[in-house]
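In: no sequence for this one, just the structure:
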């Protein structure tokens, strides 16, 4: 065992005994429980009970559990202000922290307890990098909220409701009650937003036990899965089943396909690319588009649809979706000991409207599309299943803003009109820095009833809760001198999602002239972690990872 490097030295044994480990336990595998528990994040507040269940499972399986903590940032709480600069960069800190603890203490295996947006991919990046036996436990989705017998979610009923209130469409009492009731308790937000996208992707990769991705945060089922995961990690250590034996190209292909079928977040492109890179696998952005074109969209989950994560769970969860897509999936091992094909064969669809067949999908293509053109030579990503048919092809005049804050002020101030294409730039990985999510402006557009007449493009990114013709990850970003940097108010921008095009109606001569005149802006941060991050981060098209 890796931990033998510690156990053979008397001084180290003495220090380990000081933690309460007995001489008998010293012979057992040492399992790290990387927990992102915090009182700050709804998806993480109930993790203490899951820690206990995992620890019980580890001890029952014959291992010794050592819990250590990791940072967790709630994108919803961090959004719309300075805090969002830190969300995506925290993914790298999480991966580095797990590496540091696991290597410094020569842990034999890891259980990763996670829930929300950047925490899950950061943990999986560490798993792929370390390649020691690891299992992922996601803490589970939140129940839907309820007000006046109508089910609620965070995006529709707070972000968009806030814009509707400012337009006079709803009153203060309704806004206050929606705010009070939209998030009824522990769990990751109740739609197929980024947290639940990555939980389902982790299960599809084979790194979680079946049904882990959708079992609800408040359920006994989640605790049982946590316990079983604790037991299973000891078995994985004994059999030396490591992440790279599971997270191969076949696994990533399956995860992308499941993501496209479920209507997952555009952030999955960033995160799966970054995780694959740690496993020594290159995922070109074109692969996501290729798989999306060949994968039917079989669920209608919020934000683009009407169903909630609890509906998907009760309809059969990820194994049921795998059952529908089983002919398209590639067989591969998983941490459960079952193969993907075995899990798919055992899956069962309990509601054929919530999880449709491939013969009767919600859309013929998957959730994401990658657009290219003279604005985005390296691509931009849109959740096409959350775009109305009317807006799949659109041409409009540019309204250009050099920050999210300026755009939000203009949108709420009524300065964005029907027929506009809002351009938000200098919000990419380097320029942001940190590639802020744009849920406030996209929700303001939706809440003001402009989703069918206004588009938005950005070198930043979107929350999994964004809907409408919102194109993010435009690469190269403005701060790197990408063409989005030279757009001007009034330029005509043409969006063609079916044909995967994103262009500005300018000649090559004019574009090149403007690029020659462009000057790189001064960095926004000159000290602290983000000053280092903006110097080291790569393009969104390569996962916004840090240079080695």
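Out: Structure's in. What do you need? Predicted model only: the values in this text are computed from it and were never measured.
In: now the helix or strand hosting residue 91: buried residues?
Out: Using DSSP states H and E, residue 91 sits in helix 87-104. The neighbour-count check on helix 87-104 (16 or more other C-beta atoms under 10 Å) flags 87-95, 97-99, 101-102 as buried. To be clear about C-beta, it is placed using only N, CA and C from the backbone, and glycine gets the same treatment.
In: which one among those gets closest to residue 540?
Out: Among the buried residues of helix 87-104, residue 88 lies closest to residue 540 (C-beta to C-beta), at 9.7 Å.
In: the closest one contacts residue 543, doesn't it?
Out: No. Contact criterion C-beta atoms under 8 Å: residue 88 and residue 543 do not qualify, at 10.4 Å.
In: touching both of these two, which residues are there?
Out: Jointly contacting residue 88 and residue 543 under the rule C-beta atoms under 8 Å, 6 or more residues apart in numbering are residue 270.
In: show me the helices in the stretch 1-150 of the chain, by range?
Out: Using DSSP state H, counting those that start in this stretch, the helices of the stretch 1-150 of the chain run over residues 4-7, 10-17, 47-61, 75-78, 87-104, 119-130.
In: would you mind finding the most buried of the ones you listed?
Out: Counting by mean count of other C-beta atoms under 10 Å, helix 119-130 has the highest mean neighbour count of the helices of the stretch 1-150 of the chain, with a mean of 28.
In: tell me how far that helix lies from the chain's centre.
Out: Its chain's average C-alpha position is 13 Å from that of helix 119-130, according to C-alpha atoms, centre = their mean, to the nearest Å.
In: again with stretch 178-186
Out: How far stretch 178-186 lies from its chain's middle: 21 Å, per C-alpha atoms, centre = their mean.
In: stretch 524-540 too?
Out: 21 Å.
In: thinking again about what came up before, what inclination does the helix holding residue 91 have with respect to helix 119-130?
Out: 40 degrees (axes from the mean of the first three to the mean of the last three C-alpha atoms, to 10 degrees).
In: counting by contacts, list what helix 87-104 packs against.
Out: Helix 87-104 makes packing contacts with strand 30-35, strand 109-114, helix 119-130, helix 267-278, helix 529-536 when contacts are defined by 3 or more C-beta pairs under 8 Å, 6 or more residues apart in numbering; DSSP states H and E.
In: what is the mean pLDDT for that helix?
Out: Computed over helix 87-104, the mean pLDDT rounds to 98.
In: returning to that earlier point: so which of the helices and strands packed on helix 87-104 gets nearest residue 153?
Out: Among the helices and strands packed on helix 87-104, the nearest to residue 153 by C-beta to C-beta is helix 267-278 (17.2 Å).
In: name the residues that touch that closest one?
Out: If you take C-beta under 8 Å, 6+ apart as the criterion, helix 267-278 is touched by 88, 91, 95, 117-118, 120-121, 124-126, 128-129, 194, 197-198, 201, 247, 252, 255-256, 259, 282-283, 285, 288, 368, 370, 381, 435, 461-464, 473, 540, 542-545.
In: okay, which residue is most central for the protein?
Out: Nearest residue to the geometric centre of the chain (C-alpha atoms, centre = their mean): residue 194, 3.5 Å.
In: so what's that residue scoring on pLDDT?
Out: Model confidence at residue 194 (pLDDT) stands at 95.
In: skipping adjacent residues, who's closest to it in space?
Out: What sits nearest to residue 194 in space, not counting adjacent residues and going by C-beta to C-beta, 6 or more residues apart in numbering, is residue 464, at 3.7 Å.
In: isn't the one you found up against residue 265?
Out: Yes. Using C-beta under 8 Å, residue 464 makes contact with residue 265 at a distance of 3.1 Å.
In: overlap in contacts of the two?
Out: When contacts are counted by C-beta under 8 Å, 6+ apart, the set common to residue 464 and residue 265 consists of 192, 193, 194, 197.
In: which of the residues you listed sits closest to residue 83?
Out: Comparing the shared contacts of residue 464 and residue 265 against residue 83 with C-beta to C-beta places residue 194 closest, at 16.1 Å.
In: flag every buried residue along stretch 453-469.
Out: By neighbour count on 16+ other C-beta under 10 Å, the buried set for stretch 453-469 is 453-469.
In: same check, this time on stretch 157-177
Out: Using 16+ other C-beta under 10 Å as the test for burial, stretch 157-177 gives 157-166, 170, 174-175, 177.
In: where does the prediction get shaky in the stretch 151-300 of the chain?
Out: Counting by pLDDT under 70, the stretch 151-300 of the chain shows no low-confidence range.
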